[in-house]
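S.K.: missing the sequence, but the structure's below:
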């Protein structure tokens, strides 16, 4: 048993963090809010050059052939900077689905994704809207029990504004005939895997978002003075922050455990993912609430950066399965006949 | 990362399970699921005999190095041992303070003589220990201890005067480790010593404290010219705080796994009740049970994360250790509330007179102490914010 990451995995995380913190600044995010697409092709190309767009693309198709377990720490870093580009979606949802579909579809699209030349998105009906449909070259869309693959020319998009100005959401109508690429049990398996991977992506980003909000607030409360002292020295303020630290630290292990479960294909991976999504999003939501409180009125202004991260946390909490959905999956696994609980079932 | 146990470890699991199955029988049968925090008053004498039974089988101090009489088990094996111990319903350990706190402290900071003198009794399950930290004036402000230790040159002994309080199992213990002021002029963390003191002497009086459960497991302990030998001080005079804090590190280590196993048994009991009285059909109760289950898993994952690999020195994992107390105490208090809500109107009806609480009722009352002892939730949050997050320290008053 070993619950740690390898040195390589940790080094990779560090280098990606350095890159993202330098490149994806709050100023750059705010600049993106002023553009039509909200996306930055130059940044996407940089991510591709680092191997990140193809991180989970099999080596045979020009990628790094890594797993959810390798990527989970990087997804946290994407959350830390509130990366607007669909890197987590690409690596965790789109690429694995294409890889499992295989054949021509995989051979055609995966090398282009790895090279940063194409974007593929997946749309599940549970999510109501499809993220980043406007920049997608190919859309893999759930239509009832089937999965269809539509090119950009075959769809009509209707934009919906998100509470997080960085998120670009679309209702997608398939206008022209688009081929069905999976149906029946194959489609069901692909959709359920996508659901789990999408939820893991949210969980990992939520961890990063919570950490960022803590960092911003520790800095703010150490500088801001009232009654002649930094407000961070007051217990009433400290305890708000300590409560987040506990939730965050304790959301990490379930999230890493879920990434492991998906990477090695454990039978009960879905429960592990639901657990992770629940607690990670709770940590981020608590961070949003308490950090805002600690920022006082400043946190209510558009000018202060806190809301960039708060709003992404709020949005992620209810996408790829809301709390009710994930709680009921955990509850089902506990009340199932013959459920493996208790001593000896830690990793069951 | 590899979240599974090796074939060798699974064999070890079988060995533990078989031993417990073969030995937790006969006179020990009635000890199943008894003892432990909140239930320490049950069968203390029988549980002392059980300690020795465990020792005969080589199942005390499983994580200690072999040279000190331990079993030298790997972390994985210790995890397995605690899992199987709980699965078998084996009783709460009366020897846990010696095995988990006093012993590891002596191993880490003690002299060769102290090791020889004190470790064998802990391993054999024949000598029980208690912890003399808190005092009437030193609760959250633990460093404010007033108990004094002075060295009597003529007798060649340390003489201890003062009072400790909330001392769990003092009435069952053979020894107590005590922090006391060796420099009477000193204040706060400085000038303290860490002493190993025999309980069976005229200078020590133990008075039980009756709890809201109607039972007693902790005590007031009065020291009136109590003594220990010149070499019964761990570290030098003045090092007491360092030793005491080192000990708290052990408290958050492997011993947490045993505690979580007890939590698991309690949660299983709550689930069993919910199924039998229909509360499991209530969606709100189901969600609360699911949450309790998920959070207990978190504690277990985190303990294993903290213990696995060589990463214990990693900064993030030190932070993890800081938050454990706050998390489990709050979780346990919520479990008590959940248990009562599952029982519904039955929850107030006792098993009988005088004040005979069911296991869940006793738990419900006992968990009220969890968020207080060993550092209140509020103190824990101060520590997390200041040491974990690096927030500005609160100005401290001057001790008088």
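M.R.: Structure's in. What do you need? On a predicted model such as this, the values are computed, not experimentally measured, just so you know. Numbers count the residues shown, from 1 in each chain, chains lettered A, B, ... in the order given.
S.K.: use CA for all of it now, contacts and neighbours both
M.R.: Will do.
S.K.: all strands of the chain, in order?
M.R.: As the question left the chain open, I've gone with chain A. Per DSSP state E, chain A has strands spanning A:120-123, A:130-131, A:138-143, A:146-151, A:155-160, A:169-174, A:180-182, A:225-226, A:229-230. These are given in chain order.
S.K.: oops, I was thinking of chain B
M.R.: With DSSP E as the criterion, chain B has strands at B:129-132, B:148-152, B:157-168, B:175-181, B:192-198, B:204-208, B:218-229, B:233-234.
S.K.: Kindly reformat those strands as JSON lines containing mean pLDDT.
M.R.: Shown next, in JSON lines, are those (pLDDT from 0 to 100):
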{"stretch": "strand B:129-132", "mean pLDDT": "96"}
{"stretch": "strand B:148-152", "mean pLDDT": "97"}
{"stretch": "strand B:157-168", "mean pLDDT": "96"}
{"stretch": "strand B:175-181", "mean pLDDT": "97"}
{"stretch": "strand B:192-198", "mean pLDDT": "97"}
{"stretch": "strand B:204-208", "mean pLDDT": "97"}
{"stretch": "strand B:218-229", "mean pLDDT": "96"}
{"stretch": "strand B:233-234", "mean pLDDT": "98"}
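S.K.: nearest to residue B:32, of these?
M.R.: Minimum separation from residue B:32 across these (CA to CA) falls at strand B:157-168, 21.2 Å.
S.K.: mind listing what residue 330 touches?
M.R.: Using chain A. A:271, A:274-275, B:290, B:294 (CA atoms under 8 Å, 6 or more residues apart in numbering or on different chains).
S.K.: Oops, wrong one, chain B.
M.R.: B:370-371.
S.K.: Residue A:252 now?
M.R.: The contact partners of residue A:252, taken as CA under 8 Å, 6+ apart, are A:207, A:280.
S.K.: Name the helix or strand of the chain that has the lowest mean pLDDT.
M.R.: In the absence of a named chain, chain A is used. helix A:323-335 (a mean of 84; mean pLDDT, DSSP states H and E).
S.K.: Hmm, no, I was thinking of chain B.
M.R.: When the helices and strands of chain B are compared on mean pLDDT, DSSP H and E, helix B:240-251 comes out lowest with a mean of 81.
S.K.: quick revisit: what would the strands of chain A look like in a markdown table with mean pLDDT, mean neighbour count and distance to residue A:262?
M.R.: Listed next are these as a markdown table, based on pLDDT from 0 to 100; neighbours: other CA atoms under 10 Å in any protein chain shown; distance: least, CA to CA, whole Å:
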| stretch | mean pLDDT | mean neighbour count | distance to residue A:262 |
| --- | --- | --- | --- |
| strand A:120-123 | 98 | 26 | 18 |
| strand A:130-131 | 96 | 21 | 22 |
| strand A:138-143 | 97 | 22 | 21 |
| strand A:146-151 | 97 | 21 | 21 |
| strand A:155-160 | 94 | 16 | 31 |
| strand A:169-174 | 95 | 18 | 27 |
| strand A:180-182 | 96 | 17 | 21 |
| strand A:225-226 | 89 | 12 | 47 |
| strand A:229-230 | 92 | 17 | 45 |
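S.K.: Make TSV out of those strands and add distance to residue A:103.
M.R.: Listed next are the strands of chain A as TSV, based on distance: least, CA to CA, whole Å:
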stretch	distance to residue A:103
strand A:120-123	16
strand A:130-131	25
strand A:138-143	15
strand A:146-151	13
strand A:155-160	23
strand A:169-174	23
strand A:180-182	11
strand A:225-226	62
strand A:229-230	61
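S.K.: which one of those strands lies closest to chain B?
M.R.: strand A:229-230 (7.2 Å; CA to the nearest CA).
S.K.: Who are the packing partners of that closest one?
M.R.: When contacts are defined as 3 or more CA pairs under 8 Å, 6 or more residues apart in numbering or on different chains; DSSP states H and E, strand A:229-230 sits against helix A:184-223.
S.K.: Can the helix it packs on be said to contact chain B?
M.R.: Yes: judged by CA under 8 Å from any CA of the partner chain, helix A:184-223 and chain B are in contact via A:218, A:221-222.
S.K.: For the residue lying closest to residue A:73 once chain neighbours are set aside, the count of nearby residues, please.
M.R.: For residue A:73, ignoring the flanking residues on the chain, the nearest one in space by CA to CA, 6 or more residues apart in numbering or on different chains is residue A:13 at 6.0 Å. When neighbours are counted by other CA atoms under 10 Å in any protein chain shown, residue A:13 registers 20.
S.K.: And the pLDDT at residue A:13?
M.R.: We have a pLDDT of 96 for residue A:13.
S.K.: ok, so what distance separates the residue nearest the centre of chain B from residue B:47?
M.R.: Geometric centre of chain B, nearest residue: residue B:97, 6.0 Å, by CA atoms, centre = their mean. Distance of residue B:97 to residue B:47, computed by CA to CA, to the nearest Å: 14 Å.
S.K.: Okay, domains of chain B per the record?
M.R.: Domain assignment for chain B by automatic domain parsing gives B:7-94, B:129-236, B:252-388.
S.K.: so which of the ones you listed comes closest to residue A:309?
M.R.: Of all the domains of chain B, domain B:252-388 comes closest under CA to CA, at 21.0 Å.
S.K.: For the stretch 151-300 of chain B, which residue gets nearest to chain A?
M.R.: Of all residues in the stretch 151-300 of chain B, residue B:290 sits closest to chain A, at 4.9 Å by CA to the nearest CA.
S.K.: any idea what sits nearest that residue, other than its immediate chain neighbours?
M.R.: Residue B:290 sits nearest to residue A:331 (CA to CA, 6+ apart), 4.9 Å away.
S.K.: Isn't the one you found up against residue B:285?
M.R.: No: between residue A:331 and residue B:285 there is no contact under CA atoms under 8 Å: 10.1 Å.
S.K.: List the buried residues in stretch A:59-71.
M.R.: Judged by neighbour count using 16 or more other CA atoms under 10 Å in any protein chain shown, the buried positions of stretch A:59-71 are A:61-64, A:66-71.
S.K.: what's next to stretch A:138-150, contact-wise?
M.R.: With contacts defined as CA under 8 Å, 6+ apart, stretch A:138-150 is touched by A:119-125, A:133, A:151-152, A:174, A:178-184, A:187-188, A:191.
S.K.: Which strand residues bridge residue A:182?
M.R.: For residue A:182, the beta-bridge partners are residue A:147 (DSSP bridges).
S.K.: residues in contact with the closest residue to residue B:93 other than its chain neighbours?
M.R.: Spatial nearest neighbour of residue B:93, excluding adjacent residues (CA to CA, 6+ apart): residue B:36 at 6.6 Å. Neighbouring residues of residue B:36 by CA under 8 Å, 6+ apart: B:91-94, B:262.
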